[in-house]
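>>> What follows is a protein structure lacking sequence information:
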DNA sequence: CAGCCGTGGTT
DNA sequence: TAACCAAGGCT
(Lines give C-alpha, C1' and ligand atoms only; values in the text may rest on other atoms or scores of the structure.)
Protein backbone atom coordinates (compact mmCIF):
# COMPACT_ATOMS: atom_id res chain seq x y z
CA UNK A 1 0.00 0.00 0.00
CA UNK A 2 2.85 2.34 0.69
CA UNK A 3 4.26 2.04 -2.82
CA UNK A 4 4.09 5.56 -4.27
CA UNK A 5 1.53 6.39 -1.58
CA UNK A 6 1.77 8.49 1.59
CA UNK A 7 1.42 6.82 4.98
CA UNK A 8 -1.53 9.00 5.98
CA UNK A 9 -3.38 8.04 2.82
CA UNK A 10 -2.75 4.31 3.19
CA UNK A 11 -3.34 3.97 6.94
CA UNK A 12 -7.16 3.62 6.98
CA UNK A 13 -6.96 1.16 4.08
CA UNK A 14 -4.34 -0.85 5.96
CA UNK A 15 -6.53 -1.05 9.07
CA UNK A 16 -9.57 -2.28 7.15
CA UNK A 17 -7.46 -4.64 5.04
CA UNK A 18 -5.81 -6.30 8.04
CA UNK A 19 -9.13 -6.59 9.86
CA UNK A 20 -10.64 -8.46 6.90
CA UNK A 21 -7.56 -10.40 5.79
CA UNK A 22 -5.52 -11.03 8.96
CA UNK A 23 -3.29 -13.76 7.49
CA UNK A 24 -1.71 -14.67 4.18
CA UNK A 25 -3.92 -17.75 3.94
CA UNK A 26 -7.11 -15.78 4.49
CA UNK A 27 -6.09 -13.26 1.85
CA UNK A 28 -5.20 -16.04 -0.58
CA UNK A 29 -8.61 -17.66 -0.21
CA UNK A 30 -10.53 -14.44 -0.90
CA UNK A 31 -12.06 -13.49 -4.24
CA UNK A 32 -10.20 -10.79 -6.14
CA UNK A 33 -13.36 -8.65 -6.10
CA UNK A 34 -13.30 -8.56 -2.29
CA UNK A 35 -9.66 -7.46 -2.32
CA UNK A 36 -10.37 -4.80 -4.94
CA UNK A 37 -13.27 -3.48 -2.83
CA UNK A 38 -10.80 -2.95 0.04
CA UNK A 39 -8.47 -1.17 -2.39
CA UNK A 40 -11.22 1.07 -3.82
CA UNK A 41 -9.99 4.65 -3.94
CA UNK A 42 -6.38 3.87 -3.13
CA UNK A 43 -5.23 3.71 -6.76
CA UNK A 44 -2.63 1.62 -8.58
CA UNK A 45 -4.93 -1.39 -8.49
CA UNK A 46 -2.30 -3.76 -9.88
CA UNK A 47 -1.01 -3.72 -6.29
CA UNK A 48 -4.25 -5.37 -5.15
CA UNK A 49 -4.04 -7.98 -7.89
CA UNK A 50 -0.37 -8.58 -7.11
CA UNK A 51 -0.72 -8.96 -3.34
CA UNK A 52 -3.59 -11.37 -3.90
CA UNK A 53 -1.49 -13.44 -6.32
CA UNK A 54 1.53 -13.21 -4.01
CA UNK A 55 -0.55 -14.50 -1.09
CA UNK A 56 -1.45 -17.59 -3.08
CA UNK A 57 2.22 -18.21 -3.95
CA UNK A 58 3.31 -17.71 -0.35
CA UNK A 59 0.65 -20.11 0.86
CA UNK A 60 1.65 -22.74 -1.71
CA UNK A 61 5.43 -22.42 -1.57
CA UNK A 62 6.19 -21.06 1.90
CA UNK A 63 3.39 -22.48 4.04
CA UNK A 64 1.79 -19.07 4.44
CA UNK A 65 4.87 -17.24 5.76
CA UNK A 66 6.95 -14.75 3.82
CA UNK A 67 10.59 -15.59 3.10
CA UNK A 68 13.07 -13.31 4.91
CA UNK A 69 15.67 -12.62 2.22
CA UNK A 70 15.40 -9.95 -0.48
CA UNK A 71 16.11 -12.31 -3.39
CA UNK A 72 13.24 -14.63 -2.51
CA UNK A 73 10.88 -11.76 -1.75
CA UNK A 74 11.83 -10.20 -5.07
CA UNK A 75 10.32 -13.21 -6.90
CA UNK A 76 6.81 -12.40 -5.64
CA UNK A 77 4.52 -10.28 -7.84
CA UNK A 78 4.41 -6.64 -6.74
CA UNK A 79 7.64 -6.84 -4.73
CA UNK A 80 10.53 -4.93 -6.28
CA UNK A 81 13.89 -3.79 -4.93
CA UNK A 82 12.47 -1.31 -2.43
CA UNK A 83 9.71 -3.51 -0.99
CA UNK A 84 12.03 -6.53 -0.75
CA UNK A 85 14.52 -4.46 1.23
CA UNK A 86 11.83 -2.92 3.41
CA UNK A 87 10.26 -6.26 4.37
CA UNK A 88 13.60 -7.97 4.88
CA UNK A 89 15.01 -5.21 7.10
CA UNK A 90 11.90 -4.07 8.97
CA UNK A 91 10.10 -7.38 9.45
CA UNK A 92 13.09 -9.72 9.67
CA UNK A 93 15.97 -7.53 10.86
CA UNK A 94 18.22 -8.31 7.93
CA UNK A 95 20.95 -5.68 7.33
CA UNK A 96 19.91 -4.66 3.82
CA UNK A 97 19.05 -1.25 2.35
CA UNK A 98 15.53 -0.09 1.48
CA UNK A 99 15.80 2.68 -1.07
CA UNK A 100 12.66 4.65 -1.82
CA UNK A 101 12.28 8.13 -3.26
CA UNK A 102 12.88 9.73 0.13
CA UNK A 103 16.16 7.89 0.59
CA UNK A 104 17.40 8.87 -2.87
CA UNK A 105 16.66 12.52 -2.08
CA UNK A 106 18.43 12.38 1.28
CA UNK A 107 21.48 10.60 -0.15
CA UNK A 108 21.59 12.90 -3.16
CA UNK A 109 21.90 15.90 -0.85
CA UNK A 110 24.04 14.20 1.77
CA UNK A 111 26.70 13.20 -0.75
CA UNK A 112 25.86 15.86 -3.34
CA UNK A 113 25.34 13.30 -6.08
CA UNK A 114 23.17 13.95 -9.12
CA UNK A 115 20.24 11.58 -8.80
CA UNK A 116 16.60 11.54 -9.91
CA UNK A 117 14.28 10.15 -7.24
CA UNK A 118 12.01 8.59 -9.90
CA UNK A 119 14.77 6.87 -11.89
CA UNK A 120 15.00 3.11 -11.25
CA UNK A 121 18.65 3.20 -12.23
CA UNK A 122 19.44 5.97 -9.76
CA UNK A 123 17.58 4.09 -7.06
CA UNK A 124 19.71 1.05 -7.81
CA UNK A 125 22.87 3.15 -7.80
CA UNK A 126 21.88 4.52 -4.40
CA UNK A 127 21.73 1.06 -2.84
CA UNK A 128 25.50 0.75 -2.22
CA UNK A 129 25.45 4.12 -0.45
CA UNK A 130 22.52 3.11 1.73
CA UNK A 131 24.06 -0.31 2.32
CA UNK A 132 27.21 1.34 3.63
CA UNK A 133 25.24 3.44 6.10
CA UNK A 134 22.71 0.90 7.37
CA UNK A 135 23.02 0.01 11.05
CA UNK A 136 23.45 -3.79 11.22
CA UNK A 137 22.06 -3.79 14.76
CA UNK A 138 18.80 -2.05 13.85
CA UNK A 139 18.47 -2.09 10.05
CA UNK A 140 14.69 -1.72 10.06
CA UNK A 141 14.71 1.30 12.34
CA UNK A 142 17.59 2.82 10.39
CA UNK A 143 15.86 2.43 7.03
CA UNK A 144 12.64 3.86 8.40
CA UNK A 145 14.58 6.75 9.91
CA UNK A 146 16.13 7.58 6.57
CA UNK A 147 12.73 7.51 4.87
CA UNK A 148 11.12 9.52 7.65
CA UNK A 149 13.91 12.11 7.47
CA UNK A 150 13.13 12.54 3.78
CA UNK A 151 9.39 12.70 4.38
CA UNK A 152 9.48 15.25 7.21
CA UNK A 153 12.75 17.24 7.14
CA UNK A 154 14.60 16.67 3.88
CA UNK A 155 11.52 17.42 1.78
CA UNK A 156 11.46 18.12 -1.98
CA UNK A 157 10.72 21.83 -1.52
CA UNK A 158 11.97 24.11 1.25
CA UNK A 159 13.60 21.41 3.38
CA UNK A 160 13.88 22.16 7.11
CA UNK A 161 17.68 22.08 7.24
CA UNK A 162 17.70 24.07 10.48
CA UNK A 163 16.03 21.12 12.22
CA UNK A 164 18.01 18.41 10.41
CA UNK A 165 19.94 16.03 12.70
CA UNK A 166 22.61 15.40 10.06
CA UNK A 167 22.94 18.97 8.86
CA UNK A 168 26.66 19.14 9.64
CA UNK A 169 27.32 16.04 7.52
CA UNK A 170 25.32 17.20 4.51
CA UNK A 171 27.58 18.18 1.62
CA UNK A 172 24.81 20.03 -0.22
CA UNK A 173 23.99 22.07 2.89
CA UNK A 174 27.63 22.92 3.57
CA UNK A 175 27.92 24.03 -0.06
CA UNK A 176 24.64 25.97 0.15
CA UNK A 177 23.36 23.97 -2.79
CA UNK A 178 20.52 21.99 -1.23
CA UNK A 179 18.13 23.28 -3.88
CA UNK A 180 20.31 21.79 -6.62
CA UNK A 181 19.75 18.23 -5.39
CA UNK A 182 18.27 15.86 -6.33
CA UNK A 183 18.11 16.66 -10.04
CA UNK A 184 14.67 17.58 -11.33
CA UNK A 185 13.65 15.91 -14.58
CA UNK A 186 10.79 17.64 -16.33
CA UNK A 187 7.78 15.47 -16.99
CA UNK A 188 5.63 15.13 -20.01
CA UNK A 189 2.40 17.06 -19.88
CA UNK A 190 -0.62 14.85 -19.37
CA UNK A 191 -2.84 14.87 -22.48
CA UNK A 192 -6.56 15.59 -22.11
CA UNK A 193 -9.01 13.02 -23.45
CA UNK A 194 -12.68 13.80 -24.03
CA UNK A 195 -15.15 11.15 -22.92
CA UNK A 196 -18.88 10.62 -23.06
CA UNK A 197 -20.58 8.69 -20.27
CA UNK A 198 -24.06 7.27 -19.84
CA UNK A 199 -25.97 6.84 -16.62
CA UNK A 200 -28.26 4.28 -18.21
CA UNK A 201 -31.44 3.73 -16.21
CA UNK A 202 -34.01 1.06 -17.02
CA UNK A 203 -37.71 0.89 -16.26
CA UNK A 204 -37.02 -0.48 -12.78
CA UNK A 205 -34.89 2.52 -11.87
CA UNK A 206 -31.70 0.46 -12.01
CA UNK A 207 -28.40 1.79 -13.34
CA UNK A 208 -26.18 -0.17 -15.73
CA UNK A 209 -22.73 -0.89 -14.26
CA UNK A 210 -20.00 -2.56 -16.32
CA UNK A 211 -16.78 -4.27 -15.20
CA UNK A 212 -13.48 -3.20 -16.71
CA UNK A 213 -11.02 -5.82 -18.01
CA UNK A 214 -8.94 -7.33 -15.21
CA UNK A 215 -5.65 -6.03 -16.59
CA UNK A 216 -4.68 -2.45 -17.36
CA UNK A 217 -6.13 0.85 -16.19
CA UNK A 218 -8.48 0.44 -13.21
CA UNK A 219 -8.44 -3.29 -13.90
CA UNK A 220 -11.41 -5.20 -12.52
CA UNK A 221 -13.23 -2.12 -11.22
CA UNK A 222 -16.81 -1.23 -12.07
CA UNK A 223 -17.92 1.92 -13.86
CA UNK A 224 -20.78 3.37 -15.88
CA UNK A 225 -20.59 2.98 -19.66
CA UNK A 226 -18.16 5.49 -21.09
CA UNK A 227 -15.77 5.82 -23.98
CA UNK A 228 -13.52 8.36 -25.62
CA UNK A 229 -15.21 10.87 -27.88
CA UNK A 230 -13.96 11.40 -31.41
CA UNK A 231 -13.09 15.05 -31.98
CA UNK A 232 -15.76 15.59 -34.61
CA UNK A 233 -18.52 13.64 -32.84
CA UNK A 234 -21.48 15.24 -31.10
CA UNK A 235 -21.58 14.09 -27.45
CA UNK A 236 -25.28 13.26 -27.16
CA UNK A 237 -25.37 11.28 -30.41
CA UNK A 238 -22.22 9.42 -29.43
CA UNK A 239 -23.70 8.51 -26.07
CA UNK A 240 -26.87 7.10 -27.61
CA UNK A 241 -24.77 5.22 -30.15
CA UNK A 242 -22.69 3.79 -27.30
CA UNK A 243 -25.84 2.43 -25.66
CA UNK A 244 -26.60 0.45 -28.79
CA UNK A 245 -23.47 -1.59 -28.10
CA UNK A 246 -25.22 -2.72 -24.92
CA UNK A 247 -28.39 -3.50 -26.89
CA UNK A 248 -30.15 -0.68 -25.11
CA UNK A 249 -32.73 1.49 -26.79
CA UNK A 250 -32.98 5.12 -25.83
CA UNK A 251 -36.24 6.36 -24.33
CA UNK A 252 -35.12 9.79 -23.13
CA UNK A 253 -31.84 11.67 -22.76
CA UNK A 254 -30.86 14.40 -20.32
CA UNK A 255 -27.55 16.28 -20.18
CA UNK A 256 -26.17 16.15 -16.62
CA UNK A 257 -23.06 18.23 -17.23
CA UNK A 258 -19.30 17.74 -17.19
CA UNK A 259 -16.93 15.76 -15.00
CA UNK A 260 -13.15 16.06 -14.91
CA UNK A 261 -10.66 13.58 -13.54
CA UNK A 262 -6.86 13.34 -13.53
CA UNK A 263 -5.12 9.98 -13.87
CA UNK A 264 -1.41 9.34 -13.57
CA UNK A 265 -0.63 10.01 -17.23
CA UNK A 266 -3.68 11.67 -18.79
CA UNK A 267 -6.75 13.71 -17.92
CA UNK A 268 -10.36 13.06 -18.74
CA UNK A 269 -13.04 15.62 -19.47
CA UNK A 270 -16.34 13.77 -19.70
CA UNK A 271 -19.82 14.82 -20.80
CA UNK A 272 -22.37 12.87 -18.76
CA UNK A 273 -25.90 11.97 -19.82
CA UNK A 274 -28.77 10.34 -18.06
CA UNK A 275 -30.27 8.01 -20.64
CA UNK A 276 -33.51 6.19 -19.84
CA UNK A 277 -33.43 2.95 -21.75
CA UNK A 278 -35.20 -0.23 -22.65
CA UNK A 279 -32.75 -3.11 -22.43
CA UNK A 280 -33.45 -6.84 -22.87
CA UNK A 281 -30.37 -8.22 -21.11
CA UNK A 282 -30.00 -8.97 -17.41
CA UNK A 283 -26.87 -9.33 -15.30
CA UNK A 284 -23.65 -11.11 -16.30
CA UNK A 285 -20.02 -11.33 -15.18
CA UNK A 286 -19.28 -7.92 -16.65
CA UNK A 287 -22.56 -6.03 -16.28
CA UNK A 288 -25.05 -5.49 -13.51
CA UNK A 289 -28.23 -3.48 -13.15
CA UNK A 290 -28.20 -1.93 -9.71
CA UNK A 291 -30.32 0.42 -7.66
CA UNK A 292 -28.36 3.53 -6.65
CA UNK A 293 -28.09 2.32 -3.04
CA UNK A 294 -26.69 -1.05 -4.21
CA UNK A 295 -23.75 0.37 -6.13
CA UNK A 296 -21.68 0.63 -2.97
CA UNK A 297 -21.35 -3.17 -3.08
CA UNK A 298 -19.08 -2.81 -6.11
CA UNK A 299 -15.54 -1.48 -6.30
CA UNK A 300 -15.97 1.55 -8.52
CA UNK A 301 -13.62 4.16 -9.95
CA UNK A 302 -13.15 7.74 -8.82
CA UNK A 303 -14.57 9.32 -11.95
CA UNK A 304 -17.59 7.00 -11.74
CA UNK A 305 -18.38 8.30 -8.26
CA UNK A 306 -18.24 11.85 -9.62
CA UNK A 307 -20.59 10.92 -12.46
CA UNK A 308 -23.08 9.18 -10.19
CA UNK A 309 -22.99 12.25 -7.97
CA UNK A 310 -24.47 14.27 -10.83
CA UNK A 311 -27.59 12.11 -10.66
CA UNK A 312 -28.46 13.26 -7.16
CA UNK A 313 -26.96 16.70 -7.44
CA UNK A 314 -24.10 16.01 -5.05
CA UNK A 315 -20.88 17.93 -5.50
CA UNK A 316 -21.79 19.58 -8.80
CA UNK A 317 -18.73 20.59 -10.80
C1' DC B 1 13.77 1.27 -20.68
C1' DA B 2 10.36 4.66 -21.20
C1' DG B 3 5.63 4.41 -20.62
C1' DC B 4 1.87 2.62 -18.02
C1' DC B 5 -0.48 2.71 -13.73
C1' DG B 6 -4.58 6.50 -9.21
C1' DT B 7 -5.50 9.47 -5.94
C1' DG B 8 -5.07 13.31 -2.87
C1' DG B 9 -2.26 16.81 -0.57
C1' DT B 10 1.03 20.71 -1.38
C1' DT B 11 3.06 24.49 -3.82
C1' DT C 1 -5.24 26.48 -10.70
C1' DA C 2 -1.99 23.79 -12.84
C1' DA C 3 1.88 21.30 -11.80
C1' DC C 4 4.30 18.58 -8.74
C1' DC C 5 4.85 14.80 -5.72
C1' DA C 6 4.34 10.51 -2.99
C1' DA C 7 7.40 4.20 1.78
C1' DG C 8 7.39 1.78 -6.89
C1' DG C 9 6.69 -2.24 -9.95
C1' DC C 10 5.79 -4.21 -14.41
C1' DT C 11 6.42 -4.67 -19.29
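Thanks, I have the structure now. Bear in mind the structure is a predicted one, so any value in this text is a computation, not a measurement.
>>> any idea which element the nearest residue in space to residue A:214 that is not next to it in sequence lies in?
The shortest distance from residue A:214 to any residue that is not its chain neighbour, by C-beta to C-beta, 6 or more residues apart in numbering, is 4.8 Å, and that residue is residue A:220. Every C-beta, even on glycine, is put in place using the N, C-alpha and C of the backbone. Per DSSP states H and E, residue A:220 falls between elements, in no helix or strand.
>>> and residue A:220, how many residues sit next to it?
The criterion is other C-beta atoms under 10 Å. On that basis, residue A:220 has 20 neighbouring residues.
>>> per-residue confidence for it?
The confidence metric pLDDT takes the value 97 at residue A:220.
>>> what's it in contact with, if anything?
Residues near residue A:220 by C-beta atoms under 8 Å, 6 or more residues apart in numbering: A:32, A:33, A:36, A:45, A:49, A:211, A:212, A:213, A:214, A:299.
>>> now, which of those residues lie close to DNA strand B?
Among the contacts of residue A:220, the residues that sit close to DNA strand B (C-beta under 7 Å from any atom of the strand) are residue A:45.
>>> Keep only those of the contacts of residue A:220 that are in helices.
Judged by DSSP state H, helices contain the following of the contacts of residue A:220: A:32, A:33, A:36, A:49.
>>> in the stretch 151-300 of chain A, which spans are helices?
Under the criterion DSSP state H, counting those that start in this stretch, the stretch 151-300 of chain A contains helices at A:171-174, A:235-244.
>>> how about the first one: buried residues?
Spelled out, it's helix A:171-174. Within helix A:171-174, the residues that qualify as buried are A:172, A:173, counting by 16 or more other C-beta atoms under 10 Å.
>>> Spatially, what comes nearest to the residue in chain A that DNA strand B sits nearest to if we skip its sequence neighbours?
Among all residues of chain A, residue A:43 sits closest to DNA strand B, at 2.5 Å; criterion: C-beta to the nearest atom of the strand. Here the nearest residue to residue A:43 in space, its sequence neighbours aside, is residue A:5; by C-beta to C-beta, 6+ apart that works out to 7.2 Å.
>>> returning to what we had before: quick one: buried ones out of the ones in helices among the contacts of residue A:220?
By neighbour count, with 16+ other C-beta under 10 Å, the ones in helices among the contacts of residue A:220 hold A:36, A:49 as buried.
>>> List just the nearest of the ones in helices among the contacts of residue A:220 to residue A:16.
Checking the ones in helices among the contacts of residue A:220 against residue A:16 with C-beta to C-beta, the nearest one is residue A:36 at 13.0 Å.
>>> so that closest one touches residue A:214, yeah?
No: in this structure, residue A:36 sits apart from residue A:214 without contact. The criterion is C-beta atoms under 8 Å, and the distance is 9.6 Å.
>>> intersection of neighbour lists for those two?
With C-beta under 8 Å, 6+ apart, residue A:36 and residue A:214 have common neighbours A:49, A:220.
>>> buried residues in stretch A:134-146?
By neighbour count, and taking 16+ other C-beta under 10 Å as the criterion, the buried residues in stretch A:134-146 are A:134, A:139, A:140, A:142, A:143, A:146.
>>> Identify the residues contacting it?
A:85-86, A:89-91, A:93-98, A:102-103, A:106, A:130, A:133.
>>> Quick one: mean pLDDT for that stretch?
Averaging the model's pLDDT scores along stretch A:134-146 yields 97.
>>> That stretch close to DNA strand C?
Yes: residues of stretch A:134-146 are located near DNA strand C by C-beta under 7 Å from any atom of the strand, namely residue A:144.
>>> any low-confidence regions in chain A?
Residues of chain A meeting the criterion pLDDT under 70: A:314-317.
>>> Residues of it that sit close to DNA strand C?
If contacts are counted using C-beta under 7 Å from any atom of the strand, the residues of chain A sitting beside DNA strand C are A:2-7, A:44, A:46, A:50, A:77-84, A:86, A:100-102, A:105, A:117-118, A:120, A:144, A:147-148, A:150-151, A:156, A:184, A:186-187, A:189-190, A:262, A:264.
>>> Got a ChimeraX select line for the buried ones in those?
In ChimeraX, this line selects whichever of the residues of chain A next to DNA strand C come out buried by 16+ other C-beta under 10 Å:
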select /A:2,3,46,50,78,79,81,82,83,84,86,100,101,102,105,117,147,150,151
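>>> Give me the subset of the residues of chain A next to DNA strand C that lies in strands.
Within those, membership in strands is found for residue A:262, as judged by DSSP state E.
>>> neighbours around residue A:169, how many?
Burial of residue A:169, expressed as a neighbour count using other C-beta under 10 Å, amounts to 11.
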